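**Q** Show me the folded form of this:
(one chain, ligands or ions: 2)
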Amino acid sequence: MIIVMKSDILPDSPEVEQVIKMAERYPDVHAEVRKIQGATRVLTEIYLLGSTAQIPQEPFEEFPAVEKTIRIRERYRAIGRHDGAEAFGFTYNGVRFGQDTFHIFPGLCAVDSRQNVETMFRALKDAGIVTTRAGAYKPRTSPYDFQGHGRACLPYLFELAGKYGMKVIAMEITHETQLEEIGEALHAAGNPTGVMLQIGTRNAQNFELLKLVGSQQEFPVLFKRGMGITLDESLNACEYIASGGNNRIILCLRGMKTNFGDPHRNFVDFAHVPVVRRLTRLPVGIDPSHSVGKKSTAPDGLLDIHHVTAQGIIAGANLVLVDFHPKPEEALCDGPQALLLDELELFVRDAELVRNAYLARVALREELGR
Ligand code: PEP
Ligand code: MN
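**A** Ligands and ions are numbered 1, 2, ... in the order given. Below you'll find the model as predicted:
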């Protein structure tokens, strides 16, 4: 059961203590207090865990400081919407993320050289963008392919991020040591930027890694949906992260591995944007680059990458992760799907156009009340 306190009630207030005291009078029940940053307000929620089926809701709802109680369904206990819980939201390094926000993360699939990072960041700064992607640790299909520069590139990556005002860099990790390396390098550089830990599709069911990122509070997590598992299995993976104590998670759709999506690299799954928003309290991202995997142009002159991006945004996506590269022909990873820097303006303006159309659709529905 979740007990949602009224908006002015703080986690360490006597009102919260009173509720916990009453809850813990029931056998095998314990309470956890969580601060939730919803779309419009910060809420204190008390999660009652254990044998909660025996607990009636009414006595809790009689407390003046309690707004409502919500029965937790078995599915997605930590990330689920249940019956009316608000979406999670969080602010990280000055950037807010929620089911009501929208951010584009254009950047390098993999860091290859200082020069390319600098050129990329300069272009982002000129475009007023403070969120980016940059892989240092790259899990690759072939052991002979470029595996990322790893720890060696972090000092210049973070230094340049500070120089060009990048606030959040999405970066994949595959192992605990990489988490430590990122923390140390950020610290050594004077914390000039923030890192969002990416869990790649290949690690979507690496439960030890999920528990690791769930048990730390320093970094938020960008979880890439598993390419060969069901949506339910991916949501359970996010549940691993959240149940460890870190609910600063964004679920990112990135396409499914099947030949049915040919000629795209993966079968685009952005129809699941509203599904994830309905089933969970998480913001939802899309990765059009790894979904489409190439720069094919439609007869209207727009790329397939533009079209699938639009499909995700028009359905309410909160984040777009997209590959760019100053010289894709020289990229050490995923060059063929990278957009050029002089294609940044079109991408961003097209995405904003569609985001505004999404907001207009929601407003229209509200106006007509259907
Ligand atoms: C990536 O975003 O760099 C990546 C490898 O994505 P995915 O794990 O979705 O393949
Ligand atoms: Mn890639």
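
**Q** Could you check how far Gly335 is from ligand 2?
**A** Gly335 is 10 Å from ligand 2, where distance means CB to the ion, to the nearest Å. C-beta here means a position set from N, CA and C on the backbone, and glycine is covered the same way.

**Q** just use 847 as the starting number from now, easier for me
**A** Let's use 847 as the start, then, which means that last one is Gly1181.

**Q** shouldn't that residue be in contact with Glu1175?
**A** Yes. Using CB atoms under 8 Å, Gly1181 is in contact with Glu1175, at 6.2 Å.

**Q** With neighbour numbers in mind, choose between these two.
**A** Gly1181 (16 against 8; other CB atoms under 10 Å).

**Q** What sits closest to that one if chain neighbours are left out?
**A** Here the nearest residue to Gly1181 in space, its sequence neighbours aside, is Pro1174; by CB to CB, 6 or more residues apart in numbering that works out to 4.2 Å.

**Q** Any residues of the stretch 847-996 of the chain in contact with ligand 1? List them.
**A** Selection of the stretch 847-996 of the chain residues close to ligand 1 by CB under 6 Å from any ligand atom yields Cys955, Gly981.

**Q** One more pass at 8 Å, please.
**A** Cys955, Ala956, Arg979, Gly981, Lys984, Pro985 (CB under 8 Å from any ligand atom).

**Q** Using the three-state scheme, assign the last one.
**A** When the structure is reduced to helix, strand and coil (DSSP: H, G, I helix; E, B strand; the rest coil), Pro985 reads as coil.

**Q** now swap in the third one and tell me
**A** Going by three-state DSSP, the secondary structure assigned to Arg979 is strand.

**Q** My guess is it contacts Ile950. True?
**A** No. Applying CB under 8 Å as the test, Arg979 and Ile950 come out as separate, 10.1 Å apart.

**Q** and for these two, which residues touch both?
**A** Listed as contacting both Arg979 and Ile950 by CB atoms under 8 Å, 6 or more residues apart in numbering are Val1168.

**Q** Which of these two has more residues huddled nearby?
**A** Per other CB under 10 Å, whichever of Arg979 and Ile950 has more neighbours is Arg979, with 26 against 22.

**Q** Leaving out sequence neighbours, find the closest residue to that one.
**A** Gly953 (3.8 Å).

**Q** Need the residues that contact the helix or strand harbouring Phe1069.
**A** In the assignment (DSSP states H and E), Phe1069 maps to strand 1067-1070. The list of residues contacting strand 1067-1070 from outside it, by CB under 8 Å, 6+ apart, reads 1016, 1042-1047, 1050, 1059-1060, 1080, 1083-1084, 1087, 1092, 1094-1098, 1100, 1131, 1133, 1136, 1165, 1167.

**Q** how many neighbours does the residue nearest to Leu1148 when sequence neighbours are not counted have?
**A** Spatial nearest neighbour of Leu1148, chain neighbours left out: Asp1196 (7.5 Å); criterion: CB to CB, 6+ apart. Asp1196 has 17 neighbours, counted by other CB under 10 Å.

**Q** quick one: contacts for Asp1196?
**A** By CB under 8 Å, 6+ apart, the contact set of Asp1196 is Leu1148, His1152, Thr1155, Ala1156.

**Q** Likewise for Leu954?
**A** Neighbours of Leu954 in contact, by CB under 8 Å, 6+ apart: Asn962, Val963, Met966, Thr978, Arg979, Ala980, Gly981, Asp1169, Phe1170, His1171, Ala1177, Ala1184.

**Q** separation between the residue in the stretch 947-1096 of the chain positioned nearest to ligand 1 and Leu1099?
**A** When scored by CB to the nearest ligand atom, the stretch 947-1096 of the chain has Gly1046 as its residue closest to ligand 1, at 3.1 Å. From Gly1046 across to Leu1099, the span is 14 Å (CB to CB, to the nearest Å).

**Q** Of the two, which one has the most company?
**A** Leu1099 (28 against 22).

**Q** Test my guess that that one contacts Pro1134.
**A** No. Counting by CB under 8 Å, Leu1099 sits too far from Pro1134 to count as a contact (9.6 Å).

**Q** what's the burial count for Thr1143?
**A** Neighbour count of Thr1143, defined by other CB under 10 Å: 11.

**Q** and what of Leu894?
**A** 22.

**Q** and it, what are its bridge partners?
**A** Residues in a beta bridge with Leu894, per DSSP bridges, are Ala877.

**Q** quick one: contacts for it?
**A** Met847, Ile848, Ile849, Ala869, Val875, His876, Ala877, Ile901.
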